[in-house]
Each structure stands twice: as structure tokens, then as C-alpha cells.
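>>> Give me the fold of what follows.
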Amino acid sequence: MRRRFLQAALAVTGALVVGIAGAQQFPSKPSKMIVGFPPGGPADVLARPLAEGLAKQWNQPVLVENKPGANSIIATDYVAKQPGDGHTMILANDPSLSSNQYLYSKLPYDPVKDLTPVAGVATTTLILVVPASLPVNNLKELVALAKQKGGTLTYGSIGQGSVTHLDAEAFATAAGVKLTHVPYKGTGEVIPALLNGQIDMTLTAIGPSLPHIRSGKFKALAVASQGRYPVLPDVPTFAEAGLPFEARSWFMVAVPSSTPKPVIDRIAADVKRVVETPEYREKFINAMGMEPLNLGPAELQTFLEKDRAKYAERVKNANVRLD
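You can find the predicted model right below:
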């Protein structure tokens, strides 16, 4: 018994020493931050200045790689299978760590066991926008038009089973209407499609749509938050427009679960340092219609438990399966 106890103690001590040594050596080479969507979307906009800020702290390049497709499964699976040395991260969002496990019967990675959340970056409330050419000026008129059109009005999302897909379906159910879903690979494709009149509406992050709302090319009908957003004080909430409904998305840095805790703690502290700089906070969070997600590794575990429970129910209620 004593021998087994000593062996176990030595194993724990050895693992701790290895972890500390890894943290002291980290970063020892260029790092990669993986984004599961094409350039131009909210995740990409957040990732690039974050990577630059980390590179300055680490005196090593931090490269952003876009690996879009399959509702961020391609990107997340890639990171999950990388060595746990801290040099490969993902700017994860809701599908990659929460909803995909309920949308697919089998994933090539386990979002709970294979990846560890490191640092929160931002959350964003979704906003319902339509092109200026659509003959509606408020949510009530849009719902009436959707009922009149009998399911032919279209909405764009950032992919099958994405947050914007699930939340748009939840909105349609709450409003008692049917809409036709048109999936794209990312926000960088949805916004041009709406500008060109290829779709009738989208439930999207505020930031990418903000310039077009201000220019008059988009009409913002409602924000899916509890209160109005400071950057768009004249746009009512869904509840104010007559339909109680909320929808939010989030972004956080995650790494392979084999990454030693000291390395995780180092990355968490350095990401927080970048995100809390006035320039990053104002230019890439506040100005984009987002809010900070100021949570560390332990807090994010609790956050994800609640988020996963929410999506388990939402996917079940929407009866959406992707395989």
C-alpha cells in the first residue's frame, strides 16, 4: 500500500514538474490561432488583433488560420488533435464546444474531454436585419409579410446548425411563421448576400451589420437582448417589439485538453491582458456591438455546462439534426 502511494505521489510530482517546465519553455516556437469561419466574420475580427497582442507578449509569431466548414467541426477537430503544448489554439464559439454534440450523432472530437477552455473574449447579441428594399419597417410588419408569403421569405445563416440557424428557427417558431433557410460558410458571406438581395433577412452579430445599418442599406428591426444596445439606441428589443426572444453568441480561446495547467494559466493571463487593453476593448468589442466575456478557465467550465444544457434543449425543440 505504502509503495503504491509513493508511486502515485511520484507520478503526480513528475507531471507537475513537466507542466512547470513546459510553462517555462512556452512559447518556444510560432503559435497558431485557428478560426472556424472565413475571414471577415466576428470570430476572425476578434482573432487577428488578439493574435497580434499575444505575439508582442511572447516575442514569437502567432498566426491566424481560417479553417471554415462543417459548422466549425473542421477547425475544432484540427485543434483537438494537436499536441498539448499551447502552440495551437482555437477561437471557439458556440457550435464548436456546445451545440455540435447535439446536432450530430457522432463528432470526430469530444468537446468536453478533448478541449479545455482557457479565456473568455467576448459575447455578442444577435440583431434581426433586412435589406432596405424589403417593404417592412418593424418586426410586426415582417411577421405579417412572412405569414402572407407562406414560407417563401428567406434568411441567411453562417451554416447548418450554427447559432444563427438555431436562433432564427427559434424566432420563427416564437413568431408562428415559416421561413426558408439559406446557409452560408460565415458572416463574411451572409452580409454581401443580404446587400445583394439574395436573401430577405438574417439574425446576425451586430458588428458586421452596423456600417450597413448606419448607411441605410439595412433596416434593423430588433435586437435579441434584454435591453437596448448603446451603439443602436433606437432599435427596440424583440420584447419591446412585441415578441419576447433572446439570442446571444460567445467567443473564447480553447486548447487541447492535454495542455499542462501552467501553460493554460499563462495563455489565460496573456489573453486577458490583450482583451483588457483600451484599444482592443473599444475597437474590437464595444465598437463591434459586443460585450467582454471576462472569464478564466475554471469559470468557463461552469459557463459551458449551462450553455450546453441550453443547446441540448434548443436543438431538441427545433428538431434539427445534421447527419
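
>>> what about stretch 236-252, distance to the chain center?
Stretch 236-252 has its average C-alpha position 16 Å from the chain's average C-alpha position, going by CA atoms, centre = their mean, to the nearest Å.

>>> measure that stretch end to end?
In stretch 236-252, first residue to last residue: 28 Å (CA to CA, to the nearest Å).

>>> Buried ones in it, by neighbour count?
Buried residues in stretch 236-252, defined by neighbour count with 16 or more other CB atoms under 10 Å: 236-239, 241, 243, 245, 247-252. C-beta here means a position set from N, CA and C on the backbone, and glycine is covered the same way.

>>> got those as TSV, with distance to Met288, secondary structure and pLDDT columns?
Shown next, in TSV, are the buried residues of stretch 236-252 (distance: CB to CB, whole Å; DSSP: H, G, I helix; E, B strand; the rest coil; pLDDT from 0 to 100):
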residue	distance to Met288	secondary structure	pLDDT
Pro236	20	coil	97
Thr237	19	strand	96
Phe238	20	coil	97
Ala239	23	coil	95
Ala241	23	coil	96
Leu243	25	coil	95
Phe245	22	coil	89
Ala247	17	coil	87
Arg248	14	strand	86
Ser249	12	strand	87
Trp250	14	strand	95
Phe251	11	strand	97
Met252	16	strand	98
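
>>> Mind picking the two most distant members of these?
Farthest-apart pair in the buried residues of stretch 236-252 is Ala241 and Met252; separation 30.3 Å (CB to CB).

>>> Which stretches in the stretch 101-250 of the chain count as strands?
According to DSSP state E, counting those that start in this stretch, the stretch 101-250 of the chain carries its strands in the segments 115-131, 154-157, 180-183, 201-205, 218-223, 248-256.

>>> quick one: the fourth one to strand 218-223, angle?
With axes from the mean of the first three to the mean of the last three CA atoms, to 10 degrees as the basis, strand 201-205 and strand 218-223 are set at 70 degrees to each other.

>>> Appreciated, that's everything.
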